[in-house]
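Trainee: here is the input, now give the coordinates:
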Amino acid sequence: MVELKTDASIDAMHAAGRVVGRALTAVRQAARVGVSLLELDEIAREVLREAGASSPFLGYRPSFAPTPFPAVICASVNDAIVHGIPTRCRLRDGDLLSVDCGAELDGWAGDSAVSFVVGRPRPADLRLVDTAERALAAGIEAAVPGNRIGDIAHAVGSVCRTAGYGIPQGFGGHGVGRRMHEDPEVPNEGRPGRGLPLRPGMVLAIEPMLIASGRDHYYEADDGWTLRTTDGSRAAHAEHTVAVTESGPRVLTAREAL
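Mentor: Numbering: from 1, shown residues only. Predicted structure coming up:
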C-alpha cells in the first residue's frame, strides 16, 4: 500500500534528508587515497550521531541477506554495483566509489547515493558517473502528478541505454516514508504511461544503477550483500529521495555543492 504524505510529513522527511546529505558530503570530502572504507563509515556514523539520527542500514536484514548489514553506509568500489560492505580496504588512486546512506530522524527516513572517483579519474569513469546523475535528473523531472511510475522508469532507462550502459535487472528505487523501503517499486527501465499513477504526497527514492560494459548481468558476492558486475566492468549508482508535489518534484536529500 502506498502512503501519501502530508506537507508536514514531507517537511519532516526533508529534515532526515538533510542529515543524509551532510553525511554523504562528509564522506566524499574524506574519501582520499589511503583512506579505508571503515573510516568513511565512521565519518557517516558521526554525522548521524551529531544530528540525533539513526541508521536504517545498520542491522537491516531483508529476506535475501545471510546476516544483518553491519554499517551505516554501503561502499561499493569499481565493479561493485551496490550494497558493498565497508571493510579495512583502503582506497587507491582512480577507484570509482559509490556511497549509499540513509538516516531516520523523528520517525521519518531519507535515502540517497552518490558516485565519484578518488584521485586521478579515467575519462570513461567520469562519463559513467555523469550519466548516472543525468539519469537521476531525468527520473526526478518525470516525478510529477499525472505521470506514472513507468514514466520515471522510462526516463531513467532511456538516458542509460542511449549512453550504452547496462542496467542490473531486478533492482531500482522504492517508496520512502516511516521506513526506508516502502511501496511502490520504481524500476530503472520501463514503458511510459504504464504503472501506478503519481499523486501529490508520494515520496520515492529514484536510483539509477549503471554498468559500464552495456551488459545487465551481475552476481552476488560471497558476503551475501555486494552485487558485482559479471565481467568486471565498473558501475555507478546515484539516488535521491523525492516528493511528488503539486508544484513539482521536491528533492529531500539534496547535498551541498563541493
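
Trainee: now for the lengthiest helix in the chain, which elements pack on it?
Mentor: Across the chain, the longest stretch assigned as helix under DSSP state H is helix 7-30. In terms of contacts (3 or more CB pairs under 8 Å, 6 or more residues apart in numbering; DSSP states H and E), helix 7-30 is packed against helix 37-51, strand 96-105, strand 108-117, strand 240-243, strand 250-251. (C-beta placed from N, C-alpha, C; glycine too.)

Trainee: and these: which comes nearest residue 188?
Mentor: In terms of CB to CB, the element of those nearest to residue 188 is strand 108-117, at 12.9 Å.

Trainee: quick one: that closest one to helix 7-30, angle?
Mentor: Strand 108-117 runs at 30 degrees relative to helix 7-30, counting by axes from the mean of the first three to the mean of the last three CA atoms, to 10 degrees.

Trainee: next, the angle strand 96-105 makes with strand 108-117.
Mentor: If you take the same axes, to 10 degrees, strand 108-117 sits at 170 degrees to strand 96-105.

Trainee: and the contacts of the very next helix or strand once past strand 108-117?
Mentor: For strand 108-117, the following helix or strand on the C-terminal side (DSSP states H and E) is helix 123-141. By CB atoms under 8 Å, 6 or more residues apart in numbering, the residues outside helix 123-141 that reach it are 94, 96, 115-117, 152-153, 155-160, 163, 165, 173, 186, 188, 206-210, 212, 234-240, 242, 249, 251.

Trainee: in strands, which of the residues you listed appear?
Mentor: Of these, the ones assigned to strands by DSSP state E are 96, 115-117, 173, 186, 206, 209-210, 235-237, 240, 242, 251.

Trainee: nearest to residue 54, out of the residues you listed: which one, please.
Mentor: Nearest to residue 54 among the ones in strands among the contacts of helix 123-141: residue 240, at 20.3 Å, using CB to CB.

Trainee: you'd agree the closest one is up against residue 208?
Mentor: No. Applying CB atoms under 8 Å, one finds residue 240 not in contact with residue 208, separated by 10.4 Å.

Trainee: need phi/psi at residue 75.
Mentor: Main-chain dihedrals, residue 75, degrees, to the nearest 10: phi -120, psi 100.

Trainee: next one: residue 118
Mentor: Per degrees, to the nearest 10, the backbone of residue 118 is at phi -90, psi 130.

Trainee: dump the helices and strands packed on helix 7-30 into JSON lines; add mean neighbour count, distance to residue 20 and mean pLDDT as well.
Mentor: Listed next are the helices and strands packed on helix 7-30 as JSON lines, based on neighbours: other CB atoms under 10 Å; distance: least, CB to CB, whole Å; pLDDT from 0 to 100:
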{"stretch": "helix 37-51", "mean neighbour count": "19", "distance to residue 20": "9", "mean pLDDT": "98"}
{"stretch": "strand 96-105", "mean neighbour count": "26", "distance to residue 20": "5", "mean pLDDT": "98"}
{"stretch": "strand 108-117", "mean neighbour count": "25", "distance to residue 20": "4", "mean pLDDT": "98"}
{"stretch": "strand 240-243", "mean neighbour count": "27", "distance to residue 20": "8", "mean pLDDT": "98"}
{"stretch": "strand 250-251", "mean neighbour count": "19", "distance to residue 20": "11", "mean pLDDT": "98"}
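
Trainee: let me have the ones you listed in a markdown table, extended by distance to residue 82.
Mentor: Converted to a markdown table, the helices and strands packed on helix 7-30 look like this (distance: least, CB to CB, whole Å):
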| stretch | distance to residue 82 |
| --- | --- |
| helix 37-51 | 14 |
| strand 96-105 | 7 |
| strand 108-117 | 8 |
| strand 240-243 | 15 |
| strand 250-251 | 20 |
